[in-house]
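I'd like to go over a predicted model; first the sequence, then the structure.
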Amino acid sequence: MNALLIAAVPAAALVSALAYKARVLTVSGAIAATLVGAAAFGLGGGAGSGALIVFFVTSSALSRWRRREKEALQFEKGGRRDAGQVLANGGVAAAALLLGSCVPAWSHMCWLSFLAALAAANADTWATEIGSIAGGTPVSLRDFRRAAPGTSGAVSVAGTLAALAGALLLGLFAPPRDILLVTLAGFAGCFIDTLLGATVQAQWRDPANPERWTERRPDAARPERGLLAVNNDFVNFLCTLAAAAIAVLFGC
């Protein structure tokens, strides 16, 4: 295991450096991506490497798609991805591969967890990036009222379909008999993310538009909704963890 990980570090570092140069990652994000990438490249084989690259490329491309319109919505972190975002989306997947390499008897279970965690992260990213622009007026799961595009905890038809497509794309890396399991686990993790966003994630009213909610914290201000400790990164981590757990529960 150590030899595989060590050999994978240079490749992961190169990809992370290119992402940093392309202004996709911050310095801390590049370091975190190197760690996650080393686990996928060194322990996940060709399928694991491919799954991580597909997630990273598609999520990065969608984040850049119509970026100015999304920045105007003021609903999420903008620009480069930092270590918190990278680990929130890829930390559970990397940990699953590490666990599977340490306990060979659990290797299949951990492989499904790895894919399910990435499927959930991909589903959440696709739902947010596509739904916020192409989803029309979403409905909040908090009170089932219409909400501004990009509001945490709100869903739209386009965003939901994008989430399912994003989960399926990663599900295709699973063995044929497990594709549906990974896809549904990823989609379920994304739904849990939305539910947490509607209930416990910290949100504030946008000072420029009091009718709009934002995840961006003003200086020294308590959230008007949710809990201060529950930010978007924490919710994304729980999203991937839930998907991995669902894959284990129904895959064994």
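Happy to help now that I have it.

distance from the biggest helix by length in the chain to the middle of the chain?
For the chain, the helix that runs over the most residues, judged by DSSP state H, is helix 107-134. Relative to the chain's own centre, helix 107-134 is displaced by 6 Å; criterion: C-alpha atoms, centre = their mean, to the nearest Å.

next, count neighbours for Ala134.
Ala134 has 16 neighbours, counted by other C-beta atoms under 10 Å. (Glycine included, C-beta is placed from N, CA and C.)

show me the contacts for it.
Applying C-beta atoms under 8 Å, 6 or more residues apart in numbering to Ala134 gives the contacts Ala158.

following the longest helix of the chain, which helix or strand comes up?
Using DSSP states H and E, the helix or strand that follows helix 107-134 in sequence is strand 139-140.

quick check: next helix or strand after that following strand?
Counting by DSSP H and E, what follows strand 139-140 is strand 154-155.

neighbouring contacts of the helix or strand that that next one is followed by?
Downstream of strand 154-155, the first helix or strand assigned by DSSP H and E is helix 157-171. Helix 157-171 is contacted by residues 51, 54-55, 58, 115, 118-120, 122-132, 134-136, 138, 178-187, 190-191 when judged by C-beta under 8 Å, 6+ apart.

between helix 157-171 and helix 107-134, how many degrees?
150 degrees (axes from the mean of the first three to the mean of the last three C-alpha atoms, to 10 degrees).

what pLDDT does the residue nearest to the spatial centre of the chain get?
Nearest to the geometric centre of the chain sits Ala121, at 2.7 Å (C-alpha atoms, centre = their mean). Ala121 is assigned 97 on the pLDDT scale.

mind listing what it touches?
Phe55, Ser59, Asn89, Gly90, Ala93, Asn236, Cys239, Thr240.

okay, now the unreliable bits of this structure?
1-2, 71-79, 135, 219-220 (pLDDT under 70).

where do the helices sit along it?
Going by DSSP H, the chain shows helices at 2-21, 27-43, 45-64, 67-73, 83-102, 107-134, 157-171, 179-199, 232-251.

which of those helices sits closest to Arg142?
Closest approach to Arg142 among the helices of the chain (C-beta to C-beta): helix 179-199, 4.1 Å.

next, the angle from the closest one to helix 232-251.
Using the same axes, to 10 degrees: helix 179-199 against helix 232-251 is 140 degrees.

run the chain-centre distance for helix 179-199.
Distance, centroid of helix 179-199 to centroid of chain: 11 Å (C-alpha atoms, centre = their mean).

what comes up buried for that helix?
By 16 or more other C-beta atoms under 10 Å, the buried positions in helix 179-199 come out as 179, 181-198.

what about Phe173, how many residues nearby?
Using other C-beta under 10 Å: Phe173 sits among 23 other residues.

give me the distance between it and Leu62.
19 Å (C-beta to C-beta, to the nearest Å).

thanks a lot, see you next time.
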